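K.L.:
what's the 3D shape of this:
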Amino acid sequence: MELEKLIAGRRALYPKQMSGDEVPTEVIDKMLELANWAPTHRNTEPWRFNVYSGAAKNRLLDQCKNCYVVETPAEKFKTIKLDKIEERKHQVSHIVAICMQRSDIIPEFEEIAATAMAVQNIWLYLASTRKYGGYWSTSAYALGEEFSAFLHLPEGEKCLGLFYIGTIALDTVLPEGKRGEWRKKVRFEK
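P.N.:
Residues are numbered from 1 along each chain as shown. Okay, here's the model as predicted:
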């Protein structure tokens, strides 16, 4: 079954594995449309996506660098991290700020789960193209208050990370997936 292969074959595509070629608008639109079909308890539809490309993408990455400099303790600070963020300007096509709007009618973990399922829909759609992919990054600076202020998030909305989207570079070989035996993670009760 094609769906089984798609699920088992989905991989993270890191920015260094992206060619820098633009992902067409139609692909971005379809990906977001399919994200909207994620399961949602009580129809809260908590997922929110801020999509950045072109000059806006570069401003977002500059903000990432600023937040990293301001929020990273000296003992953990690495200049190479700033270089990697700068390189993303030429590697990735789009960046999506993955956000969640709280409704207060269901527990927060259910809204986080729904948002994660929307992102899984994005990931699966990109994998189905066999040409595009993405990576969900949850760097501490992207989860902070200063970054949220940059995103102009409304009351009750918070950022859950950044999703980097790009065209798979020609020399990229995505690894085969590895998972432990599923039966060791399941208990059947009778």
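
K.L.:
the longest helix belonging to the chain - contacts with which helices or strands?
P.N.:
With residue count as the measure and DSSP state H as the assignment, the chain has helix 108-129 as its longest helix. Secondary-structure packing of helix 108-129 (3 or more C-beta pairs under 8 Å, 6 or more residues apart in numbering; DSSP states H and E): helix 2-9, helix 25-35, strand 47-53, strand 94-101, strand 132-137, strand 157-167. Where C-beta positions appear, they are placed from N, C-alpha and C, glycine not excepted.

K.L.:
select, out of the ones you listed, the one closest to residue 114.
P.N.:
Residue 114 lies closest to strand 47-53 among those, at 6.6 Å (C-beta to C-beta).

K.L.:
helix or strand right after that closest one?
P.N.:
Beyond strand 47-53 in the direction of the C-terminus, DSSP states H and E gives the next helix or strand as helix 54-71.

K.L.:
what residue lies at the spatial centre of the chain?
P.N.:
Centroid-nearest residue in the chain, with C-alpha atoms, centre = their mean: residue 163, separated by 2.4 Å.

K.L.:
so it sits against residue 95, correct?
P.N.:
Yes - contact criterion C-beta atoms under 8 Å: residue 163 and residue 95 qualify, at 7.0 Å.

K.L.:
once you drop chain neighbours, what's closest to residue 18?
P.N.:
Distances taken as C-beta to C-beta, 6 or more residues apart in numbering put residue 166 closest to residue 18, at 2.9 Å, once the chain neighbours are dropped.

K.L.:
tell me which residues touch the one you found, please.
P.N.:
Contacts here follow C-beta atoms under 8 Å, 6 or more residues apart in numbering; on that basis residue 166 touches 13, 15, 17-21, 23, 91-94, 132-134.

K.L.:
circling back: can you check which of the helices and strands packed on helix 108-129 gets nearest to residue 146?
P.N.:
The nearest among these, by C-beta to C-beta, is strand 157-167 at 10.9 Å.

K.L.:
quick one: strands adjacent to that closest one?
P.N.:
In the sheet, strand 157-167 lines up against strand 94-101 (antiparallel), strand 132-137 (antiparallel) (DSSP bridges).

K.L.:
flag the shaky bits of the chain, pLDDT-wise.
P.N.:
Residues of the chain meeting the criterion pLDDT under 70: 1.

K.L.:
can you say which of the contacts of residue 166 are buried?
P.N.:
13, 15, 17-19, 23, 91-94, 132-134 (16 or more other C-beta atoms under 10 Å).

K.L.:
just put those in TSV and tack on distance to residue 34.
P.N.:
Listed next are the buried ones among the contacts of residue 166 as TSV, based on distance: C-beta to C-beta, whole Å:
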residue	distance to residue 34
13	17
15	22
17	23
18	21
19	23
23	15
91	24
92	20
93	18
94	15
132	13
133	15
134	13
